[in-house]
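**Student:** here is the input, now give the coordinates:
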Amino acid sequence: MATETKRDYYDILGLKKGASDPDIKKAFRKLARKYHPDVNPGDKNAEHKFKEMNEAYEVLSDPKKREQYDQFGHAAFSGGYGPGGPGQGTAGFSGFEGFGRGGGAEHFRSGGFEGFEDIFGGMFGDRVRPRGPAKGEDITYSVEVDLEDAIFGKTMQVDLQREVACSTCAGTGAQPGTAPRTCPTCQGAGTVSQGRGIMQMVQPCPTCRGNGTINPNPCRTCSGRGVLPRSERINVKIPPGVDNGSKIRVSGMGGPGEKGGQAGDIYIITRVRPHFYFERKGDNLYSTARVTVKEAALGEKIEIPTVDGVVSLKLPEGVQTGQQMKLKGKGVPHLGGGGAGDHYVTVQVVTPTGLSDREKELVREFDRLNGIDPRKDVTFRGFRKRA
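**Tutor:** The predicted structure is shown next:
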């Protein structure tokens with residue numbers, strides 16, 4: 001009888017001989033996503049490729065088996081060259097040991113093929129495990145705060161719409177005096193198996209939707225859902241230093257937990273309204289100070305509004321428009337404490353307009369006395385006009 005020629009294990013995974021262990025794992029993961037039976041139900045070709053790549057990975061991921069294969073090829077596992085090979089076909093592949101048994105509490109349990117569940121990273125297994133106690137859903141709300149409140153903090157009221165456990169049935173979904181029953185389809189496992197042999201697939205039970213129990217006498221108050229909508233108002237403390245996108249967690253105020261699990265949390269996302277005077281960048285504040293020609297030329301003191309009230313700022317003599325000065329620590333407090341940002345003041349010298357004849361004469365007199373030519377160092381004369 002003619003024997004089927006087995007494909008090279010490296011070719012199956014799309015690799016060259018000498019590939020690194022990470023490359024082997026990466027190639028297997030990529031192919032697994034493509035050919036897994038859960039992704040290709042009823043596809044015989046995909047099923048064959050999946051078996052083939054599993055066999056290849058079992059050998060190439062094991063240093064000893066890989067060494068034997070590199071030396072003797074497939075003969076290493078069929079002619080007595082060493083134990084521990086994949087044997088005939090996929091008989092030695094034990095990666096699906098316990099797959100689909102007894103309700104599927106172990107969706108992937110590794111035997112000779114260790115690390116299978118880790119390689120998939122929950123890609124297929126997480127969604128078919130029976131549900132036990134689970135934390136409730138987290139809820140997100142957005143609130144707007146003024147810059148002043150973002151700087152100093154504030155306790156504000158937030159109106160919530162959330163679900164809470166039904167007080168009539170205590171969240172069970174069953175009418176008082178009755179209790180949920182074990183699902184007759186999955187016998188409480190929450191999952192059912194389909195298929196035969198090693199290629200059985202475990203799926204959530206369609207009868208109980210993965211809960212493992214059913215309510216033959218649903219609660220009349222919540223219609224068997226176990227939860228009811230509730231509107232309420234809570235106080236939320238906004239800490240100093242929040243910015244756009246800051247998250248504030250209120251523990252235990254989210255959706256109700258399942259099967260005795262703890263309630264979820266509420267996350268308050270802040271958005272800070274723009275301010276007419278301050279511009280905020282991170283924890284630093286920026287503002288503009290309009291000064292007269294005299295104040296700029298003589299370097300006089302001016303008053304600057306800050307987060308801590310008005311402070312006096314001494315201008316340097318001859319300060320120019322656009323020049324920036326720093327008020328250290330007068331910015332926004334760092335979220336969580338530990339100091340604050342700075343306040344940067346940008347000078348804008350205001351040139352007087354609408355001068356009287358006398359004022360114009362004084363300006364010309366000042367210019368003659370001053371004698372400064374601000375353009376004396378400018379040598380560039382522009383571009384020549386082209387013919």
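**Student:** residue 318 - nearest residue in space that isn't next to it in sequence?
**Tutor:** Distances taken as CB to CB, 6 or more residues apart in numbering place residue 297 nearest to residue 318, at 6.3 Å, with adjacent residues excluded. Just so you know, the C-beta spots here come from the backbone N, C-alpha and C atoms, and that holds for glycine as well.
**Student:** show me what the helix or strand harbouring that neighbour is packed up against.
**Tutor:** Assigned by DSSP states H and E, residue 297 falls within helix 293-298. Judged by 3 or more CB pairs under 8 Å, 6 or more residues apart in numbering; DSSP states H and E, the packing partners of helix 293-298 are strand 343-349.
**Student:** just the buried positions in the strand it packs on, please.
**Tutor:** 343-345, 347, 349 (16 or more other CB atoms under 10 Å).
**Student:** residue 13: which of those is nearest?
**Tutor:** Ranked by distance to residue 13 (CB to CB), the buried residues of strand 343-349 are led by residue 344 at 58.4 Å.
**Student:** which ones are touching that closest one?
**Tutor:** Contacts for residue 344 (CB atoms under 8 Å, 6 or more residues apart in numbering) come out as 284-287, 324-327.
**Student:** for it, give the beta-bridge partners.
**Tutor:** residue 286, residue 326 (DSSP bridges).
**Student:** what's the distance between it and residue 296?
**Tutor:** Residue 344 sits at a distance of 18 Å from residue 296 (criterion: CB to CB, to the nearest Å).
**Student:** and residue 356, by the same measure?
**Tutor:** Remark: distance between residue 356 and residue 296 (CB to CB) = 22 Å.
**Student:** please apply the same query to residue 194.
**Tutor:** Separation of residue 194 from residue 296 (CB to CB): 83 Å.
**Student:** out of the two, which sits in the busier spot?
**Tutor:** Neighbours were counted for residue 194 and for residue 296 using other CB atoms under 10 Å; residue 296 has more, 22 against 12.
**Student:** so that one makes contact with residue 322?
**Tutor:** No: with contact defined as CB atoms under 8 Å, residue 296 does not reach residue 322; the gap is 11.6 Å.
**Student:** so where's the stretch 51-200 of the chain uncertain?
**Tutor:** The model of the stretch 51-200 of the chain has pLDDT under 70 over residues 78-132, 195-200.
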